[in-house]
Every structure is written in C-alpha cells, then in structure tokens.
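K.L.:
Whatever this is, show me its structure:
(one chain, ligands or ions: 1)
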Amino acid sequence: TVQISPRAIVSDACASYSTLENLNSKVKPALDELTKETDFFSYYRLNLFHKKCPFWNDENAMCGNIACAVNTIDNEEDIPKIWRASELSKLEGPSAKHPGKKVQKERPKKPLQGLLGENVGESCVVEYDDECDERDYCVPEDESASGKGDYVSLVHNPERFTGYAGEGAKMVWDAIYRENCFQRSSFPHSASLGTSPVAKGPAAQDFRNVLQDAERQQILQQHQQNPSTTFAQTGLENEGECLEKRVFYRVVSGMHASISTHLCWDFLNQTTGEWQPNLGCYKARLHTHPERISNLYFNYALVTRAVAKIGPHLQSYTFCTGDEEQDAATKAKVLAVTQSAASVPQIFDESLMFKNGEGPSLKEDFKNRFRNVSRVMDCVGCDKCRLWGKLQTAGYGAALKILFEFDNDSEDIPVLKRTELVALFNTYARLSSSMKAIVGFRAMVEAEEKAT
Ligand code: FAD
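P.N.:
Numbers count the residues shown, from 1 in each chain. Now for the predicted structure:
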C-alpha cells in the first residue's frame, strides 16, 4: 500500500501532513465544544424538502423511493427495518419550523452593512437572507419560492453511514465532477442555470482521471525522493492545469473524501447492528487513493485559513440566541477556535489565486461552477446526506467567499449570514473529525500490517 510521509507537504497548501495533524489536535476540542455544545452552531436552517432537483427529473435517482433502492432492498430484507437505508437516512431529533415570513416582517429590515452586519439583529435566529450577493459562492438556501426552510439539529443527525448508494448517488457525484471541466464548457453558467440540464459525456471522467493519476505520481515521488518537495516544485503545472482549476477540483474531491471517511468510520455493521469503523471501506475508498486524502488535508488547510482570517471580525459579533450568558460563552468558544486556527501562519495563500495568467478571467466561472455544485445537492436522495451535503457546500462557499471576496484593504466587506457562519464552522468540524479518523484508520492499517 501507499504510505505518505508525515513530513510531505500537502500540495497547494503550505503545510505538511504532520503540521496539519498537530494543529488539528489543538483545534478539535474547541471546535467540538463549539459545534456540539452551543445552540447557535448546532442548529442549521435549510430548505431540505421543498427544492426540486434542478438538473434532472428522474424519480428513480431518489433513494427515498423503491426504484433506487432495488439492490439495497433485496439485500436488506434480512435485516431489521431500523437498519435499512431508508430508515438510516431519516432525520432525527428536534427540528424547529422556521418562524416564517410573518415574524420576519415584524422586524425592521435594515440594509446589511459591514462584515457580518453591524446590526446585531442579523445574527439572531430569524434572518433576512433573501438577498443574494454576487459575491456568494453558494445558492442562498431560500432561493426557491416554496418555503423558508427548517431548523435541523446537527447534533442529533450526525454524518455517518446511511446506506445511500447506487445510481442516484453516482449521478450526483458525476454531476458534481462534471462542473470541474472548465475548459470544456458544457453549458452556459448564469444565475438562471438552475433549470439547465447537466451535459452528459465522458469529458469529466477523463479530466478527473488525468488529474488523479498525476497527483498519485506526485505523492509517490514526494514520498520516495524527498518528503519536503512541494507540489509546485514537482511540477503539476506540466499537466496544464492552473492553480484555480486545481483548487476547484481539490475542494470537491476533498469534500467527497471527507464524506467517505465519515461513512467508513461511523459504519453500521448490518450483521451485528453495531456502529464501528470499517477498515475495508477506508482501504477501498481512501487508503488506496492517497490523492483523495491529500485533497481532504488541502481542504483542512483552506478552511483553516478562512477561519483564521474571519477570526478578528468575530470579536465584535453578537451570537444572538436570546441569552446573554450563553452568547458570551459562544463567542469565547468561537474565538478559541479562530485563534488556534491562526496559530499556523500562511497555511494557504489565497493571494495567489485569480491573479496570473488566465486566473482573473476564471473567477466568475469558478463561482458559478461552485454554485452549481451547491444546486446539485437538491438531487441527493437521502435526507441526512442532503443535509450534510448542503451544509458542507455552504461551508466551503463561505470559506471561498472569505478568501477571495474579502479584501482586508477594502471598505466593501461582504456580509456573512448566520447560516454561512454555522456552515463554515461545522464544515471545519467535519474536516477535523475526518482527519482524526484518517489518523485512526492509518494506525489500524499499520497494526494489521505488523500482525501479518
Ligand atoms: P462514490 O463515493 O459514490 O464515488 C463515485 C466515484 O467517484 C468513485 O467510483 C470514484 O471514481 C470517484 N471518487 C470517489 N471518491 C472520490 C474522491 N474523494 N475524489 C475524487 N473522486 C472520487 N453515504 C452515506 O452513507 N452517508 C452520508 O452521509 C452520505 N452523504 C452523501 C452526500 C452526497 C452529497 C452524496 C452525493 C452522497 C452521499 N453518500 C452518503 C453516498 C456516498 O457518498 C457514496 O456515493 C456511496 O457510499 C457509494 O459509494 P461508491 O463506492 O459507489 O463511490
């Protein structure tokens, strides 16, 4: 099997695997406290049920119905109902209804000014987030006319194995990776893209394979020749891909790798009914694909940088849950995370992006493509997977907005809504727990290899 040296630099980031793992052992406890123990960060508002998949209208792709689950149902007949994919996919715990338009109208609607809004009311649970900012990398959750969404407890609905698989899941991942084909513009990107079909074809697959093989080579070379060699030094540019396109791919693939890690780590053994790590699942999906692990670590570096960058601006933010003591405690927890995140300087250098060569012209395209990835999440046919898919695309969207739309020297600073903040910190927490799981899995592989 392929082993990556801990001293190897994570490509496109400015830190080694071990630096990121050490940082994570510092950040994780604070991040867990923040996301598991505060109301502000443990409830997420989203439109989970009322949006239609904008890209295809194939009922069979939805795993909630019998057609998609044909294989699973055949296999699952012998297991208790509660362990079946359809059951595992269901949301649990309290989920509050959105207060609705009436309550919103009662509040004075002020213009959103200044980072995170000077008017602290914006940070309260009821939000005015109809506004779509052209700087957003994500489709606002309530873009659809049908309903404002519900609050869902993230603590009661952990991201883990659900059994969602097959044609429906494959179609979603394929559509997501198809967005990666910058040079093969398959359809126009515009604000109204929601109704455009996703072009089909092998282009995306080719592109993905080329890049993955290249990355694999890089990682192997790094390990075998010089553990400190950076990605740029070993020359991925030879592949003809600029930094911006590569970053887009890495974000998506890193998110995919993180989801795979969680479902392998928190896996339901359908024979015993126990939740436990599944080493075979890890080996097949991650260990034998070191570039996916590299992308996950890359995302950790990217989101860490965004969290560190936003940190100073959260000092004056009011985490309004209606209880002053709790709000102060929430802020203290947020700052503990942002300060830890800032402890490794220059972990990712966003100033290199959209600057040279074709970079500047790619920014709008990059943004529109990422918005499409967020739209595709409405095609995920498993409630819990859709919840975490939407949350994580919103989290990466917020991180990208902070990195690329937020100029320290400008007065025109984008606003972050409450949902964006919740998504950002929970996405960071997902990456953090994925990284811990990877370390755990790696130890299991080593132990297994020693034993044989
Ligand atoms: P998939 O993971 O479906 O991958 C499809 C193909 O993509 C692979 O064959 C491979 O060629 C390529 N690929 C895989 N990983 C990467 C990567 N990191 N980078 C680049 N290419 C890659 N299932 C759960 O049990 N729990 C969940 O919470 C969950 N959430 C999901 C959220 C979303 C948005 C989606 C689309 C699916 C989710 N699923 C979840 C399903 C899960 O991701 C897999 O699709 C499913 O387990 C089937 O896996 P697979 O082995 O067929 O490969």
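K.L.:
who are the neighbours in contact with the nearest residue to residue 331 once chain neighbours are set aside?
P.N.:
In this structure, residue 331 finds its nearest non-sequential neighbour in residue 319, 5.5 Å apart by C-beta to C-beta, 6 or more residues apart in numbering. The C-beta positions use only the backbone N, C-alpha and C, and glycine is treated the same way. Each residue near residue 319 by C-beta atoms under 8 Å, 6 or more residues apart in numbering is listed here: 38, 40, 123, 327, 330-331, 334.
K.L.:
Okay, residue 90 and the ligand: tell me how far apart.
P.N.:
Distance, residue 90 to the ligand, by C-beta to the nearest ligand atom, to the nearest Å: 12 Å.
K.L.:
next one: phi and psi at that residue?
P.N.:
phi -70, psi 150 (degrees, to the nearest 10).
K.L.:
Is there a neighbour count for the closest residue to it other than its chain neighbours? I'd like the number.
P.N.:
Excluding the flanking residues, the one nearest residue 90 by C-beta to C-beta, 6+ apart is residue 383, at 6.0 Å. When neighbours are defined as other C-beta atoms under 10 Å, residue 383 has 22 of them.
K.L.:
May I have the predicted confidence score for residue 383?
P.N.:
In this model, residue 383 is scored at 89, pLDDT.
K.L.:
Show me what the helix or strand residue 152 falls within is packed up against.
P.N.:
Per DSSP states H and E: residue 152 is located in strand 150-153. Strand 150-153 is packed against strand 43-46, with contacts defined by 3 or more C-beta pairs under 8 Å, 6 or more residues apart in numbering; DSSP states H and E.
K.L.:
Quick one: mean pLDDT over the strand it packs on.
P.N.:
85.
K.L.:
Neighbouring strands - and their directions - for it?
P.N.:
Strand 43-46 has its sheet partners listed here by DSSP bridges as strand 150-153 (antiparallel).
K.L.:
How about the helix or strand following the strand it pairs with, which residues are buried there?
P.N.:
Per DSSP H and E, the first helix or strand lying C-terminal to strand 150-153 is helix 167-178. For helix 167-178, the neighbour count (16 or more other C-beta atoms under 10 Å) marks 167-169, 171-172, 175-178 as buried.
K.L.:
With adjacent residues omitted, what lies nearest to residue 179?
P.N.:
Of all residues not flanking residue 179 in the chain, residue 369 sits nearest, at 4.4 Å (C-beta to C-beta, 6+ apart).
K.L.:
where does this protein come near the ligand, residue by residue?
P.N.:
159, 161-162, 164-165, 169-170, 172-173, 253, 256-257, 259-260, 263, 292, 377, 380, 384-385, 388-389 (C-beta under 6 Å from any ligand atom).
K.L.:
and residue 338, what does it touch?
P.N.:
Contact partners of residue 338, counting by C-beta under 8 Å, 6+ apart, are 307-308, 310-312, 314.
K.L.:
helix, strand or coil for it?
P.N.:
helix (DSSP: H, G, I helix; E, B strand; the rest coil).
K.L.:
Make 57 the first number, not 1, from now on.
P.N.:
I'll keep to 57 as the first residue from here, and by that count the last item is residue 394.
K.L.:
Low-confidence stretches in this protein?
P.N.:
57-59, 114-136, 139, 150-189, 196-205, 238-296, 377-378, 464, 466-470 (pLDDT under 70).
K.L.:
hey, where'd the strands end up in it?
P.N.:
Secondary structure of the chain by DSSP state E: the strands cover 99-102, 206-209, 323-325, 330-332.
K.L.:
would TSV of the ones you listed with mean neighbour count be doable?
P.N.:
Output for the strands of the chain, formatted as TSV (neighbours: other C-beta atoms under 10 Å):
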stretch	mean neighbour count
strand 99-102	23
strand 206-209	19
strand 323-325	17
strand 330-332	11
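K.L.:
Indicate which one of these is closest to residue 419.
P.N.:
Checking the strands of the chain against residue 419 by C-beta to C-beta gives strand 99-102 as the closest, at 26.5 Å.
K.L.:
picking up where we left off before, which one of the contacts of residue 375 sits closest to residue 474?
P.N.:
Closest to residue 474, out of all of the contacts of residue 375 and judged by C-beta to C-beta, is residue 179, at 5.6 Å.
K.L.:
Next, give phi and psi for residue 148.
P.N.:
Dihedral angles of residue 148 (phi, psi; degrees, to the nearest 10) stand at phi -130, psi 170.
K.L.:
and it, how many neighbours?
P.N.:
Neighbours of residue 148 (other C-beta under 10 Å): 13.
K.L.:
Pull up the gap between the nearest residue to it once chain neighbours are set aside and residue 92, please.
P.N.:
Nearest non-adjacent residue to residue 148, counting by C-beta to C-beta, 6+ apart: residue 212, 4.9 Å away. The gap separating residue 212 from residue 92 is 11 Å, by C-beta to C-beta, to the nearest Å.
K.L.:
for residue 508, same thing?
P.N.:
38 Å.
K.L.:
neighbour count winner among the two?
P.N.:
For residue 508 and residue 92, the more surrounded residue by other C-beta under 10 Å is residue 92, and the numbers stand at 13 against 4.
K.L.:
just checking, the residue nearest to residue 146 touches residue 102?
P.N.:
No: the pair residue 439 / residue 102 is not scored as a contact, 11.1 Å apart, by C-beta atoms under 8 Å.
K.L.:
who's in contact with the nearest residue to residue 483 once chain neighbours are set aside?
P.N.:
Using C-beta to C-beta, 6+ apart and skipping residues adjacent in sequence, the residue nearest residue 483 is residue 451, 2.6 Å away. By C-beta under 8 Å, 6+ apart, the contact set of residue 451 is 359, 479-484, 486.
K.L.:
Neighbour-wise, which one of these leads?
P.N.:
Going by other C-beta under 10 Å, residue 359 tops these with 30 neighbours.
K.L.:
got the residue ranges for the helices in the stretch 357-506 of the chain?
P.N.:
Secondary structure of the stretch 357-506 of the chain, counting by DSSP state H, counting those that start in this stretch: helices at 380-397, 415-432, 439-460, 474-507.
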